[in-house]
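Engineer: Next comes the sequence, and after it the predicted model I'd like to discuss.
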Amino acid sequence: MSKEPDHSALSEVDLVQLAQKGGLTAFEELVARHRDKIYARAYSMMRNEDEALDLSQDAWVKGWQRLAQFQGDSSFVTWMTRIVINLCLDQLRKQKRQRTESIEAMEENAGGIERQMPVVTPNPTEGLERAELRRRIDRALAQLSNEH
């Protein structure tokens, strides 16, 4: 009966090499070491706990699937951070596209977004009062010394 090595004592490079050979427990150790950082990056971009959790989990799945492509040019955590950033950017673009489509649908349904906005009618008395107040403030400021 062979006992698995203590992965917590291995370096990141060794863990990556074992994981690339199919070592699931080695990859699990990498996840345990870096999951908080990957989640934090996703949360900093999404500002939503559920989305950040989903996207960070998606990043780990993608990391496992593409582990053979990791060449070690950067650290493993840097590589994983880039994966989660790309997933977040894709999600943000998707949300922006959905908002745009929603506004366009509102325009079609209501005869234009302009009709949804409140009508602002200028109040001539308010304008005169504002101009008078501005003149009083200017006169008061002119009476102050340079020091004040």
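Structural biologist: Right, received. Where do you want to start?

Engineer: Any regions of the protein where pLDDT drops low?
Structural biologist: For the chain, the stretches flagged by pLDDT under 70 are 1-5, 107-122, 148.

Engineer: who touches stretch 7-24?
Structural biologist: Stretch 7-24 is touched from outside by 25-30, 33, 64, 67-68, 70, 72, 75-77, with contacts defined as Cβ atoms under 8 Å, 6 or more residues apart in numbering. Quick note: C-beta positions are derived from backbone N, CA and C, even for glycine.

Engineer: Would you list the buried entries among those residues?
Structural biologist: Burial by neighbour count, 16 or more other Cβ atoms under 10 Å: within the contacts of stretch 7-24 this picks out 26-27, 29-30, 67, 70, 76.

Engineer: Pretty sure Val84 sits against Ala42.
Structural biologist: Yes: with contacts counted by Cβ atoms under 8 Å, Val84 reaches Ala42, the gap being 5.2 Å.

Engineer: Can you tell me which of the contacts of stretch 7-24 is nearest Leu89?
Structural biologist: Among these, Val77 lies closest to Leu89 (Cβ to Cβ), at 18.4 Å.

Engineer: wait, the closest one sits on Ala40?
Structural biologist: No: with contacts counted by Cβ under 8 Å, Val77 stays clear of Ala40, the gap being 11.5 Å.

Engineer: just to revisit the earlier point, what sits in contact with each of Val84 and Ala42?
Structural biologist: 55-56, 59.

Engineer: secondary structure element for the spatially most central residue of the chain?
Structural biologist: Centroid-nearest residue in the chain: Met45, 1.6 Å away (criterion: Cα atoms, centre = their mean). Element membership for Met45, per DSSP states H and E: helix 24-46.

Engineer: Figure out how far whatever helix or strand comes next after that helix is from the centre of its chain.
Structural biologist: Remark: after helix 24-46, the chain's next helix or strand is helix 49-65, criterion DSSP H and E. Here helix 49-65 is found 13 Å from its chain centre; the criterion is Cα atoms, centre = their mean, to the nearest Å.

Engineer: what packs against helix 49-65?
Structural biologist: helix 24-46, helix 76-110 (3 or more Cβ pairs under 8 Å, 6 or more residues apart in numbering; DSSP states H and E).

Engineer: export whichever helix or strand comes after the longest one as PDB, just CAs?
Structural biologist: The C-terminal neighbour of helix 76-110 among helices and strands, as given by DSSP H and E, is helix 124-143. Output for helix 124-143, consisting of C-alpha atoms alone and laid out as PDB, is shown next (Å, rounded to 0.1, in the frame of the first residue of the first chain):
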ATOM      1  CA  PRO A 124     -38.300  81.600 -15.300                       C
ATOM      2  CA  THR A 125     -38.700  82.900 -11.800                       C
ATOM      3  CA  GLU A 126     -36.200  80.400 -10.500                       C
ATOM      4  CA  GLY A 127     -33.600  81.500 -13.100                       C
ATOM      5  CA  LEU A 128     -34.100  85.200 -12.000                       C
ATOM      6  CA  GLU A 129     -33.700  84.300  -8.400                       C
ATOM      7  CA  ARG A 130     -30.500  82.300  -9.100                       C
ATOM      8  CA  ALA A 131     -29.100  85.300 -11.100                       C
ATOM      9  CA  GLU A 132     -29.900  87.700  -8.200                       C
ATOM     10  CA  LEU A 133     -28.300  85.400  -5.700                       C
ATOM     11  CA  ARG A 134     -25.200  85.100  -7.900                       C
ATOM     12  CA  ARG A 135     -24.900  88.900  -8.100                       C
ATOM     13  CA  ARG A 136     -25.200  89.200  -4.300                       C
ATOM     14  CA  ILE A 137     -22.500  86.600  -3.800                       C
ATOM     15  CA  ASP A 138     -20.200  88.300  -6.300                       C
ATOM     16  CA  ARG A 139     -20.700  91.700  -4.500                       C
ATOM     17  CA  ALA A 140     -20.000  90.100  -1.100                       C
ATOM     18  CA  LEU A 141     -16.900  88.400  -2.400                       C
ATOM     19  CA  ALA A 142     -15.600  91.700  -3.900                       C
ATOM     20  CA  GLN A 143     -15.900  93.400  -0.500                       C
END
